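Asker: predicted structure and sequence below. I'll ask about it afterward.
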Amino acid sequence: MNMTEHHPISAPDFMPVNELRATQLSRLQRTVQQAYDHVPLFHRRLDERGLKPADVRSLEDVRRLPFTVKADLRDTYPYGLFAAPMKEIVRLHASSGTTGKPIVVAYTQDDIRVWTETIMRSLVSCGLHAGDIVQNAYGYGLFTGGLGAHYGAEALGATVIPISGGNTERQLMVMKDFGVTAICCTPSYFLHLIDQSQQMGVDLKKLPLRAGVFGAEPWTENMRERIEAQSNIKAYDIYGLTEIIGPGVGIECAHQAGLHIFEDHFLAEIIDPETLEPLPIGSEGELVLTTLSKQAMPMIRYRTRDITAFYTEPCACGRSIRRIRRIGRRSDDMLIIRGINVFPSQIEAGLLRIEGTLPHYQIVLTREKDLDQMEVQVEVTPEVFSDEVRGLEELRKKIVRSIETITGIRVALRLVEPHTIQRSEGKAKRVIDKRNM
Ligand code: DLL
């Protein structure tokens, strides 16, 4: 067993299973009671089922509870699912909704403490400790990646460099000059850093950098091999989502064989996304999570849309918390572009707000120098298309701004003649994903 795994911060990872299940049950009961008392939507849904919080007597009883989905956050936008009074809420974050508005999540002081704890446990799991110099290249702001990782790394006693995302040359300068030992960013961005380091004549293998905490988007074993071979670091997979807490729902350990879920704070189920029935352990399905400690915004049976499976064997590291397989795909049409979540419906909403566009569009995804590129092609009316170049360029800019307002990303946009985009017989094929991971 790795020395760092005896770190006192990680003690809950090694809790005896019966103790863990008892902790989960009492926390689940408390969470359900809290949501019932303070969240009208949840109250109504329990009433409709003729259930009371006291009906949750065992962990299996979670299956009787209603699911929560992203649309519930949209419909109650912005504060409708909060279970704590505003004066107790110390932080808000937000993430993509499916149309014009984002979804909003809240944290009490105690929620921040729990989040900080799960990030600390994550970092210890990757072999980090006080004294490490952590370059935090996740975006700071409404996205949970930056501040989430920041608080945990600081609490661990590491030195945090809050560099946020972007500006690759500066990232590499800082990495080299500040003696960085660990980096947090999306895996695709790290591949991009490797690529640029070669162009700048920086040899990552000669730097003290030894670990990467990579997540916020799907990646593959193939990408891990490339990263580890080209930079001589260990690349760990970290998972999380805004609705549940942010990063730090699960993480790999030194064995890099699946992600341990912090089960004392998050209750995990795997369901069939079609029938919504729980699946036997080991089968692949959709991950459903219930928060067990969150105060500001408890989430009951949140459908993550992420497809995975539980490992059936315990991990060689000795952690009693269960592992899931790395997440490779989703059961909905959400795209992740450079770590930012985008729904085709958001692009559509951005397009159709602008006069002159037709509801025929296509999103083409490619990866250049390991960075995601997204091109949106949209048909415009014949009148617009026959307009002079300046008019077209202005329209193009207007659409780009409109999409940026909704999604937060600047897309490459191509205006095309009416009837250029292939029509399909059934469901329109909106997304062509040519990214090769
Ligand atoms: O991406 C939180 C995060 C930040 C995780 C930094 C890890 C590191 P959202 O923006 O709400 O939150 O996106 C959540 O991203 O449902 C997955 O589909 C995907 N995702 C996150 N981590 C991974 C991962 C953050 N390690 C959505 N592997 C999730 C695959 C991931 N997909």
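Answerer: That came through fine. Here the structure is a predicted model, which is why all the values come from computation and not from measurement. Numbers count the residues shown, from 1 in each chain.

Asker: return the alpha-carbon coordinates of the strand or helix carrying Met120 using PDB.
Answerer: Counting by DSSP states H and E, the element that carries Met120 is helix 109-125. What follows is helix 109-125, C-alpha atoms only, in PDB (Å, rounded to 0.1, in the frame of the first residue of the first chain):
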ATOM      1  CA  GLN A 109     -20.300  26.900   4.700                       C
ATOM      2  CA  ASP A 110     -20.600  23.200   5.600                       C
ATOM      3  CA  ASP A 111     -21.000  22.200   2.000                       C
ATOM      4  CA  ILE A 112     -17.800  24.000   1.100                       C
ATOM      5  CA  ARG A 113     -16.100  22.000   4.000                       C
ATOM      6  CA  VAL A 114     -17.400  18.700   2.600                       C
ATOM      7  CA  TRP A 115     -16.300  19.700  -0.900                       C
ATOM      8  CA  THR A 116     -12.900  20.700   0.300                       C
ATOM      9  CA  GLU A 117     -12.600  17.300   2.100                       C
ATOM     10  CA  THR A 118     -13.500  15.300  -1.000                       C
ATOM     11  CA  ILE A 119     -10.900  17.200  -3.000                       C
ATOM     12  CA  MET A 120      -8.300  16.700  -0.300                       C
ATOM     13  CA  ARG A 121      -9.100  13.000  -0.300                       C
ATOM     14  CA  SER A 122      -8.900  13.000  -4.100                       C
ATOM     15  CA  LEU A 123      -5.500  14.600  -4.100                       C
ATOM     16  CA  VAL A 124      -4.100  12.300  -1.400                       C
ATOM     17  CA  SER A 125      -5.400   9.400  -3.600                       C
END
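
Asker: packing partners for it?
Answerer: On a contact count with 3 or more Cβ pairs under 8 Å, 6 or more residues apart in numbering; DSSP states H and E, helix 109-125 meets strand 89-95, helix 144-156, strand 246-251. In this view, the C-beta of every residue, glycine as well, is placed from N, C-alpha and C.

Asker: in the sheet, who's paired with Ala94?
Answerer: Using DSSP bridges, the bridge partners assigned to Ala94 are Val104.

Asker: I figured it hits Tyr79, correct?
Answerer: No: here Ala94 lies out of contact with Tyr79, judged by Cβ atoms under 8 Å, at a distance of 11.8 Å.

Asker: closest residue of the stretch 251-400 of the chain to the ligand?
Answerer: Ile327 (3.8 Å; Cβ to the nearest ligand atom).

Asker: which residues are in contact with the residue nearest to that residue when sequence neighbours are not counted?
Answerer: Using Cβ to Cβ, 6 or more residues apart in numbering and skipping residues adjacent in sequence, the residue nearest Ile327 is Asp306, 4.6 Å away. Taking Cβ atoms under 8 Å, 6 or more residues apart in numbering, we find Asp306 in contact with 239, 241, 286-287, 327, 330-331.

Asker: recalculate using a threshold of 6 Å.
Answerer: 287, 327, 330 (Cβ atoms under 6 Å, 6 or more residues apart in numbering).

Asker: in CSV, list the residues you listed along with distance to Ser293.
Answerer: Formatted as CSV, the contacts of Asp306 follow (distance: Cβ to Cβ, whole Å):
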residue, distance to Ser293
Leu287, 18
Ile327, 22
Arg330, 26
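
Asker: need the residues you listed in JSON lines with secondary structure and neighbour count, can you?
Answerer: JSON lines is the format used below for the contacts of Asp306 (DSSP: H, G, I helix; E, B strand; the rest coil; neighbours: other Cβ atoms under 10 Å):
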{"residue": "Leu287", "secondary structure": "strand", "neighbour count": "28"}
{"residue": "Ile327", "secondary structure": "coil", "neighbour count": "20"}
{"residue": "Arg330", "secondary structure": "strand", "neighbour count": "17"}
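
Asker: state the distance from whatever residue of the stretch 151-300 of the chain ends up closest to the ligand to Glu169.
Answerer: Residue nearest to the ligand within the stretch 151-300 of the chain: Gly215 (3.0 Å; Cβ to the nearest ligand atom). Distance from Gly215 to Glu169, counting by Cβ to Cβ, to the nearest Å: 24 Å.

Asker: those two: which is more packed in?
Answerer: Comparing Gly215 with Glu169 by other Cβ atoms under 10 Å, the one with more neighbours is Gly215, at 29 against 12.
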